[in-house]
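Novice: Any chance you can model this:
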Amino acid sequence: MTLPTTARATAPQILARCRELVRPALREAVQRLHPWPAEMAAFSLGWSELGGRAVPGHGSGSGSGAGSGPGSHGKGVRQALTLLCAEAAGASGEGAVVGAVAVELIHTFSLLHDDIMDGDETRRQRASVWKAYGTGPAVLAGDALFALAVETLADSRNVHSGKAVRHLAGTLNDLVRGQAEDLMFESRPWAGPDAVSPQEYRSMAGHKTGSLLGCAAALGAVLAGAPSSTVDALAQAGRHLGVAFQAVDDLLGIWGDPQVTGKPVHSDLRRLKKTYPVLAALATEGPAARHLVGLLTSADPLDDAAARRAAGLIDEAGGRAATLIEAHHHLDRARRCLESVPLAPAAVDDILTLLPYLVDRRM
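Specialist: This next block holds a predicted model:
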């Protein structure tokens, strides 16, 4: 008699399993904050409305705000990566929950501050925290989450918590470096010798986005007591996944469905944001690239027609195709990192299941 084959878990099922493990500890951590920053944190995480009223389905004891609505493909991936990498290193995911909480808190902190620096008034189809509560309160909430993440990890009873905190500290330096580079790009020209190159942007994305996903992966391995070679391999896999994820976010910022992104169509173009598709298109220096420079340097803001024209020129110059190639290149490198060290096959299967799901998002 042939026994039935156990069905392989889907990416949404894997993310949901990890959220179920992390949710209670994440809520408990946020509740340790002063009530006002805690309210803003809950608003940012999607648990509550302005004023603290619970979102239906995300009240205390149910939901996490991390698996539905615009952008849900990416929601919860960092905490999932921490648990899965602990399992890949041969330990239980439960033992790495404290690392997943720390990563989620740092990610939320970074979003609060990024929205202020970028002037983004919406996130996931509702007001960003600074727009809802004010700039000063949003900065305070971000600072509170930053401190809480470090405290949560440092207070862990895991014997490897000291090493985990050191790893998190290095990641925070990377995040600051990436954000500094991103902000400095705004003052750089669109063309000429001082223009931002695709390679410079790739380096920035590795620090700003890749570092936190790399940290998420590494913390799982560190808390599992894995050898340094395993920690390094998983950290590199996470970093490559982060760069791939950022590349797709850049595509969504131009061609994304607002129901997926939570932002208006062509939102990044309207803000004249230097993203990979634009920079890759400009690097071709062909007729489409020259026409694109003219649009981007015009004294007039990009209206609907101009934004559509710019998006068409980026596509014509090959920026869209180059960005997809970039994303899949980093996915392949992430897979090679996973193959470079001995890991638990079931956990690796789960990680590999997540990779295309997170990158092949709907536009």
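Novice: Show me the strands in the chain, by range?
Specialist: 122-123, 126-127 (DSSP state E).
Novice: of all the ones you listed, which lies closest to residue 42?
Specialist: strand 126-127 (13.2 Å; CB to CB). No exception for glycine: its C-beta is placed from N, CA and C like everyone else's.
Novice: C-alpha coordinates for stretch 174-191, PDB please?
Specialist: Below are the C-alpha coordinates for stretch 174-191, written out as PDB (Å, rounded to 0.1, in the frame of the first residue of the first chain):
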ATOM      1  CA  ASP A 174      24.200  49.300   7.700                       C
ATOM      2  CA  LEU A 175      20.600  50.600   7.700                       C
ATOM      3  CA  VAL A 176      21.800  54.200   8.500                       C
ATOM      4  CA  ARG A 177      24.500  54.000   5.800                       C
ATOM      5  CA  GLY A 178      21.900  52.800   3.200                       C
ATOM      6  CA  GLN A 179      19.500  55.500   4.200                       C
ATOM      7  CA  ALA A 180      22.200  58.200   4.100                       C
ATOM      8  CA  GLU A 181      23.100  57.100   0.600                       C
ATOM      9  CA  ASP A 182      19.500  57.100  -0.600                       C
ATOM     10  CA  LEU A 183      18.900  60.600   0.700                       C
ATOM     11  CA  MET A 184      22.100  61.900  -0.900                       C
ATOM     12  CA  PHE A 185      21.000  60.400  -4.200                       C
ATOM     13  CA  GLU A 186      18.200  63.000  -4.300                       C
ATOM     14  CA  SER A 187      20.700  65.900  -4.800                       C
ATOM     15  CA  ARG A 188      22.600  64.000  -7.600                       C
ATOM     16  CA  PRO A 189      21.900  64.800 -11.300                       C
ATOM     17  CA  TRP A 190      20.000  62.500 -13.600                       C
ATOM     18  CA  ALA A 191      22.800  62.600 -16.300                       C
END
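Novice: if you compare the strands of the chain, which one is most tucked away?
Specialist: strand 122-123 (a mean of 18; mean count of other CB atoms under 10 Å).
Novice: how far out from the middle of the chain is it?
Specialist: From the chain centre to the centre of strand 122-123 is a distance of 15 Å (CA atoms, centre = their mean, to the nearest Å).
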